[in-house]
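Undergrad: Here's my sequence, what's the structure:
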Amino acid sequence: MQRKVYVPGVAALLAALLAGCTSGSGTGDASDDSKPGDTGSSAAAAEPGRYRTLPEPCGEVEPGTLDAMLPGLKEMDDGEQREKAYEGTPTVTYDTDRRVGCSWKVESSGASHRLLLDFERVVSYDSTVSDDDRAAEVYATKLRGADLSRPASSEPGGQGDGGSSGTRSAKESDDAAGDKAQGGVAQGGKAARSARRDDDKGKSEESGEPEKSEKSDKKDGKDDKDGADDTAASTAPATPPAGLEPRTLDDLGDEAFLDDALTTAASATRHRTVTVVFRTSNVIVTIEYDEQPGRRTDVPDSKEMQDKAQELAESLAGAFDE
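TA: Got it, this is the predicted structure:
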């Protein structure tokens, strides 16, 4: 009877294959922030961001700060309504792990104020780009939206504040050119009107009739009175005073900027919005502080609003560093 031949090498190969299948059958926990292409090698993947969660925004602003920024809170007689106003209104977002916000809006006897707080946690889905770098890109987009640029020290090849000034100077030059062109038309129109008045005056002297003034077309100065408020409102400065213009900020998070915008339409109430945006690692914080006076001729004070917004931003940045 023939004996079966036993081959030790075949048995060893089968054992190795079985061991390989067993070791690869396990499943690991996948993080929500995992990036496509991650192979588990820490050397290949970019660094994750410092922050994995976001704070509860409606609880981040102290009551004293709300009192200062929203004067109407103290004027509320209804205790229940005042308490609700202090709590704020959470912003509706699709993913609270990535973005949260809160807003407060209160009317006082002289103006209405609105405060908006927004936290955005940026996650890079590119394994070669860190969360911090991706957050810096998002911040840069916001910076450009405010017509500003990074300081030269943080943006290679950039002109920093000088670059911003250059951009604005170019725009101002274009505006000045337009004003000059319009001025030429205005001067021509003025000369034509002057010639017509001289001609009318000569005719009046020849005919003995009294000279007719442009103001005689108005009825008892009524038009001047009606337009007084609009004239005063239209002369409100569109840009903040020197030193308070939109700019990048130092010593606030990793990088920060401030924007200040005032509506200038003569038919609308003066409406100022001060925005402070800062980035700390992979989180971007946005503060929008808005004031709208009750009278069209009132102009919200830039310095006061900017000081309050920056004070809140510094407080929030300090909380992130703790």
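Undergrad: so which helix or strand takes in residue 64?
TA: Applying DSSP states H and E as the criterion places residue 64 in helix 63-69.
Undergrad: And the contacts of that helix?
TA: If you take C-beta atoms under 8 Å, 6 or more residues apart in numbering as the criterion, helix 63-69 is touched by 73-74, 86, 104, 113, 115, 289, 308-309, 311-312, 315. C-beta here means a position set from N, CA and C on the backbone, and glycine is covered the same way.
Undergrad: which among the residues you listed end up buried?
TA: 73, 86, 104, 113, 115, 289, 308-309, 312 (16 or more other C-beta atoms under 10 Å).
Undergrad: could these go into JSON lines alongside distance to residue 134, pLDDT and secondary structure?
TA: Below are the buried ones among the contacts of helix 63-69 laid out as JSON lines (distance: C-beta to C-beta, whole Å; pLDDT from 0 to 100; DSSP: H, G, I helix; E, B strand; the rest coil):
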{"residue": "73", "distance to residue 134": "38", "pLDDT": "91", "secondary structure": "helix"}
{"residue": "86", "distance to residue 134": "35", "pLDDT": "94", "secondary structure": "helix"}
{"residue": "104", "distance to residue 134": "30", "pLDDT": "97", "secondary structure": "strand"}
{"residue": "113", "distance to residue 134": "34", "pLDDT": "95", "secondary structure": "strand"}
{"residue": "115", "distance to residue 134": "28", "pLDDT": "97", "secondary structure": "strand"}
{"residue": "289", "distance to residue 134": "27", "pLDDT": "98", "secondary structure": "strand"}
{"residue": "308", "distance to residue 134": "31", "pLDDT": "97", "secondary structure": "helix"}
{"residue": "309", "distance to residue 134": "26", "pLDDT": "98", "secondary structure": "helix"}
{"residue": "312", "distance to residue 134": "26", "pLDDT": "97", "secondary structure": "helix"}
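Undergrad: and those residues, which two are the farthest apart?
TA: 86 and 309 (18.7 Å; C-beta to C-beta).
Undergrad: Please enumerate the strands of this structure.
TA: 89-90, 99-107, 111-121, 247-249, 255-262, 272-280, 283-293 (DSSP state E).
Undergrad: and of these, who's closest to residue 132?
TA: strand 272-280 (8.7 Å).
Undergrad: same question for that closest one, mean pLDDT?
TA: Mean per-residue pLDDT for strand 272-280: 97.
Undergrad: Direction included, what does that strand pair against?
TA: As defined by DSSP bridges, the strand partners of strand 272-280 come to strand 255-262 (antiparallel), strand 283-293 (antiparallel).
Undergrad: can you give me the angle that strand makes with strand 111-121?
TA: 20 degrees (axes from the mean of the first three to the mean of the last three C-alpha atoms, to 10 degrees).
Undergrad: send the alpha carbons of strand 272-280 over as CSV?
TA: The C-alpha coordinates for strand 272-280 follow below in CSV (Å, rounded to 0.1, in the frame of the first residue of the first chain):
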residue,chain,number,x,y,z
ARG,A,272,-22.4,101.1,12.1
THR,A,273,-21.0,97.5,12.3
VAL,A,274,-17.7,96.8,14.0
THR,A,275,-16.3,93.3,13.3
VAL,A,276,-13.4,91.6,15.0
VAL,A,277,-12.1,88.3,13.7
PHE,A,278,-9.2,86.3,15.2
ARG,A,279,-7.7,82.9,14.8
THR,A,280,-6.3,80.7,17.5
